[in-house]
Each structure stands twice: as C-alpha cells, then as structure tokens.
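In: Make a model of this:
(one chain, ligands or ions: 1)
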Amino acid sequence: MPSVLVVGSSVGGSIAADTLRDLGVETILLERDLNYVKPCGGAVPPRAFTDWNLPQDLIDRKVTIAVVCSPHHYTEFPVASSKPNPETDYIAMVRREKFDRYLRDRAVSKGAELIEGKLERIEVTERGVRAVYEDRRQKTHTLHADAVIGADGAYSTVARSLGLPRLPMAVAYQERIHLPNRLMDYWAERAALYLGDDVSPDLYAWVFPKYDHVAAGIGAGAGRTQHARQLLSNLKHKLRHLLGDGVSLKFEAHHLPMHPRRHLSYDRVALIGDAAGLVQQTSGEGIYWAMRSGEMAARAIAKHLDAPTQANLRRDYDARWWRAYRPTYWFLALLQRISYNSDLQREIFAHMCDDPDVRRLTFDSYLSKHIAPAPWIVQLRITAHWIATAFQEWRRQRRAARPAAAVPSR
Ligand SMILES: Cc1cc2nc3c(=O)[nH]c(=O)nc-3n(C[C@H](O)[C@H](O)[C@H](O)COP(=O)(O)OP(=O)(O)OC[C@H]3O[C@@H](n4cnc5c(N)ncnc54)[C@H](O)[C@@H]3O)c2cc1C
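Out: Reported below is the predicted structural model:
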C-alpha cells in the first residue's frame, strides 16, 4: 500500500499526518526527539482551534488587550474585529510542550506510525523515496515511502537532501519568567510588542503571558544574532517594573526563516511550515501557517499518491497556496520593511496603532488569516493619517536632534 513519510512531528507535521490519516493514507511520522519543545512565544489565532477542531483547554491564556510600545509612544487597545465578538476576538496563548503533544497524539490515535529517529538524508528515485535515519542509539535504519512531507523546521534535512539553499534567517531568543501574582495579574490578558534599537533593531521584542509565567523575547535579523543576549537583557531592564521580581525558568532560542522558498514541491516531496520558509515576516507568526500548509500539502499528496510528481504537487499545493495567501505574505513583508528599521518608522507604526481603521483591519486580517479588504475611503483616511504622522514625527525628531542654542554670555 502506498505510504507517506512525514519528517518532524511539531505543529505542521502532526497536522499533515492527521490529514493523511483522515484520507486513509498509510503514514509514518519521524521525529528526532519526542521530548523536544520548540522555542516559541505560543501565540495562535483562535481560528486554528475551529479549523482543526482543537479543544479549548489547550489555551493557557486568552489575550484581549494588545500593547504596542515604541521609544516615544505607548498604546494599548482591545483585540476586536469589525464585528466584535468576545467568543472569537482574542489571541490564544499556548505552551508548545502541551499543544504539540496533543496534535502528535491525535495523529497517532488516528493510525500514524510514530518513529523516534533523526533523518540523515532522503534519496528520491522514480519508484519512491528512500529515507535514512538514526535512532537514539545512533543505529542507522532505512525507510521506504512513496512521498515525503518535509516538516522538519528551519534547518530542514529534507530540503538539504534536495540540494536547496538555506533560507535567510533571523534569530528569536526568549526567556520564560515566573512572576509573582501581582505582576502576573497585569499580564493576564495582555500581550505586548516593543520596538526600538535597544531591544530589536530590525524586528520586535515581546512579552506573552502563559499559564503561570510569561515569555519575554526578542527578534534579531541576520547579522545581528550575536547581540541577542544583550537585546533581551535590555528588554528586561526596560520592563523591570513589570518583570522585576520574576524567577527565570529557562532560555530558548531558534532560527526563524525570513523568506518563503521559491517552490514548495518537488518530485515526491512537499515542504511545509518553517522548512518551506512560510513564516510571516512582520510578526514571526508561523504556527498557523505550518498547520495550514501541512494540511494543504497532505491533501495534494493524497490526491496524487499514484503520481506525486513535481508538476502535480505544484499544481495542487504550491499554486493553491499562493493563490490563497500571496497577498498576505506580500503585504506583511512590505509592512516589515517600512515599520521596524528606524526610529522614524517605529514611531509612525506605533502611532498608526491608535487609528481605529488600522486596528480593525489588523484584527480582521489576523483573525480571518486573509488581508481584510479596505474600501477606498478607508485607504484614503489611513494614507492621510500616515502622511500627517510621518511629518509630525520627522519634525519632532529633527527638533530633538538639533543642538541646543548657545546661551550668549553677558
Ligand atoms: C522564540 C520563537 C518564538 C516564536 N513565537 C511564535 C508565536 O508566538 N506564534 C507563532 O505563530 N509562531 C511563533 N514562532 C514561529 C513558530 O515557532 C514556527 O513557525 C513553527 O513552530 C513552525 O512549525 P513547523 O512544524 O514548521 O516546524 P518546527 O516547529 O520547527 O518543528 C520541526 C520539527 O521537526 C523535527 N526535526 C527537525 N529535524 C529533524 C530530523 N532531521 N529528523 C526528524 N525530525 C526532525 C524537530 O524536532 C521538530 O519537532 C516563534 C519562533 C521562535 C523561535
């Protein structure tokens, strides 16, 4: 019977395996380390819970207040779409140790065969795929499958076996901090983004609440990764009144791909999630996109199990993916380029978060996972607001940079 090998049993791989089993496909799930916990802020859109029928008890916290803070501006606002609904207007906060285990266990309960082993390489032939992996005792094994889904993250061995180049990467570095109740109360329903050269020169820093602690982290783009430790320490210093008495639980770091791959599919192989570079640049959001691409790739492979050729997979996975999500990736990449890279950009970004149209469009898009349409009158209003803010900020910064006038001596 034809079978599919899914490499990596994190969010993307587990949803791919789950989907394949729903479609009656023999599935092998290969995971390097069953105790591995992916370093992650754990912010998930509520839509993931409805799309994949996930239980609410996976959610540690429901964030209903968003905070954005630039060097000179602080704003906080409710997580609310254009049709406010307390049932669905929130950002779910999960712990990956719990969330990923649930997804993997569900795929296994549907019949996916789980193997703990580290993929060394795959070899694709006309007749199938040969996968070589090492078990925990460093013994080498070989597996045969008809197709492979590469869900093995940013350093994907599947992609490397195909001779694909490494993607441009940022690094995300975070600390989990246990806080006393009085401070945890402040964070109970808040998630905060911090912008500034001192905490994240080209991305952003964050504090996200978890069940009994917070995750405070920073993003650092290529070429700045060696400063990650210092940036996190600056963030903690800046927030000492809100994190001060906390007890450090652990530090976590991982690379984040900063650009999608040109192609997601090859003969008998589909790449998903971080292995395909499907993280959103502005937000670093990758969980939903790994799950969504896992499902879409699994459906395409199941449809073409008798002939999982590059052409068939590109038609039913790549083309459908980009038809659905190209505007989202394009817009968020643009936003990253014009929002985080200088103090002027950061101040404009933070001020624009005061704009009711911007807030509404942001949450409509985040909650639906599609760029929300904006009527031309709204676009005009936002553009006018952006120009006025940019001008005011430019003037303020120019004034601040001007040397104080010399005081004439008597
Ligand atoms: C610090 C940090 C904070 C983040 N915060 C958020 C957030 O708040 N919200 C959000 O949406 N996204 C966030 N992200 C991004 C998110 O974590 C990823 O986009 C997401 O986990 C990608 O899922 P994936 O299934 O593609 O791969 P991964 O989660 O990276 O999983 C890859 C899996 O493959 C396994 N594997 C790797 N190599 C092999 C091999 N050779 N053989 C077998 N198995 C292998 C790994 O053990 C792992 O289980 C964050 C990332 C970082 C680093």
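
In: who in the protein is up against the ligand?
Out: 7-13, 30-33, 36, 38-43, 118-119, 151-153, 157, 172, 174, 217, 252, 254, 256, 273-275, 279, 284-288, 290 (CB under 6 Å from any ligand atom). Every residue, glycine included, has its C-beta placed from N, CA and C.

In: try 5 Å
Out: Residues of the chain that fall close to the ligand, judged by CB under 5 Å from any ligand atom: 8, 10-12, 32, 36, 38-41, 43, 118-119, 152-153, 157, 172, 174, 254, 273-274, 279, 285-287, 290.

In: Among those, which ones are in helices?
Out: Among the residues of the chain next to the ligand, DSSP state H puts 11-12, 157, 287, 290 in helices.

In: Please tell me which one of the residues you listed counts the most neighbours.
Out: Counting neighbours by other CB atoms under 10 Å, residue 12 comes out on top of those with 34 neighbours.

In: Verify the stated contact: residue 132 with residue 117.
Out: No: using CB atoms under 8 Å, residue 132 and residue 117 do not qualify as a contacting pair, with a distance of 9.6 Å.

In: Quickly list what's touching both of the two.
Out: Residues touching both residue 132 and residue 117 by CB atoms under 8 Å, 6 or more residues apart in numbering: residue 141.

In: neighbour count winner among these two?
Out: Comparing residue 132 with residue 117 by other CB under 10 Å, the one with more neighbours is residue 117, at 20 against 16.

In: which residue sits closest to the more buried one in space, ignoring its chain neighbours?
Out: residue 133 (3.9 Å; CB to CB, 6 or more residues apart in numbering).

In: so how far is residue 302 from that neighbour?
Out: Going from residue 133 to residue 302 by CB to CB, to the nearest Å gives 23 Å.

In: Return the distance of the nearest residue to residue 36 once chain neighbours are set aside relative to residue 17.
Out: Take residue 36 and drop its neighbours on the chain: the residue closest to it by CB to CB, 6+ apart is residue 10, 8.0 Å away. Between residue 10 and residue 17 the computed distance is 11 Å (CB to CB).

In: more crowded one of those two?
Out: Higher neighbour count among residue 10 and residue 17: residue 17, with 33 against 26, using other CB under 10 Å.

In: Can you classify that one by secondary structure?
Out: With DSSP: H, G, I helix; E, B strand; the rest coil as the basis, residue 17 sits in helix.

In: Pretty sure it sits against residue 31.
Out: No: contact criterion CB under 8 Å: residue 17 and residue 31 do not qualify, at 10.3 Å.

In: domains in the protein, as residue ranges please.
Out: Domain ranges of the chain: 3-58+94-166+261-329, 169-257, 332-401, per automatic domain parsing.

In: Quick check: beta-bridge partners of the residue nearest to residue 117?
Out: Taking DSSP bridges, one finds residue 119, residue 141 as the beta-bridge partners of residue 133.

In: That one: neighbour count?
Out: The burial count for residue 133: 22, using other CB under 10 Å.

In: what sits against it?
Out: 30, 115, 117-120, 140-143.

In: And the residues you listed, which is closest to residue 236?
Out: When the contacts of residue 133 are compared for distance to residue 236 (CB to CB), residue 118 wins out at 34.5 Å.

In: where do the helices sit along this protein?
Out: 11-22, 47-51, 96-109, 157-161, 181-187, 228-238, 240-243, 287-303, 310-313, 319-339, 343-352, 356-368, 376-401.

In: Those: which one's closest to residue 2?
Out: helix 287-303 (9.5 Å).

In: what stretches of this protein score poorly on pLDDT?
Out: Residues of the chain meeting the criterion pLDDT under 70: 404-410.

In: So what's the residue count around the closest residue to residue 60 other than its chain neighbours?
Out: In space, and not counting its chain neighbours, residue 60 is closest to residue 211: 4.1 Å by CB to CB, 6+ apart. Residues near residue 211, counting by other CB under 10 Å, number 12.

In: May I ask you to confirm that residue 211 is in contact with residue 62?
Out: No: Residue 211 is beyond contact range of residue 62, at 11.9 Å (criterion: CB under 8 Å).

In: Just the strands from the stretch 1-150 of the chain, written as ranges.
Out: 3-7, 26-31, 43-44, 61-63, 65-69, 74-78, 91-93, 113-116, 118-124, 129-134, 140-145, 147-150 (DSSP state E, counting those that start in this stretch).

In: joint contacts of residue 17 and residue 31?
Out: Shared contacts of residue 17 and residue 31, counting by CB under 8 Å, 6+ apart, come down to residue 9.

In: what about residue 63, distance to residue 271?
Out: Distance of residue 63 to residue 271, computed by CB to CB: 31 Å.

In: I should have written residue 81 there, sorry.
Out: Residue 81 sits 32 Å away from residue 271, going by CB to CB.
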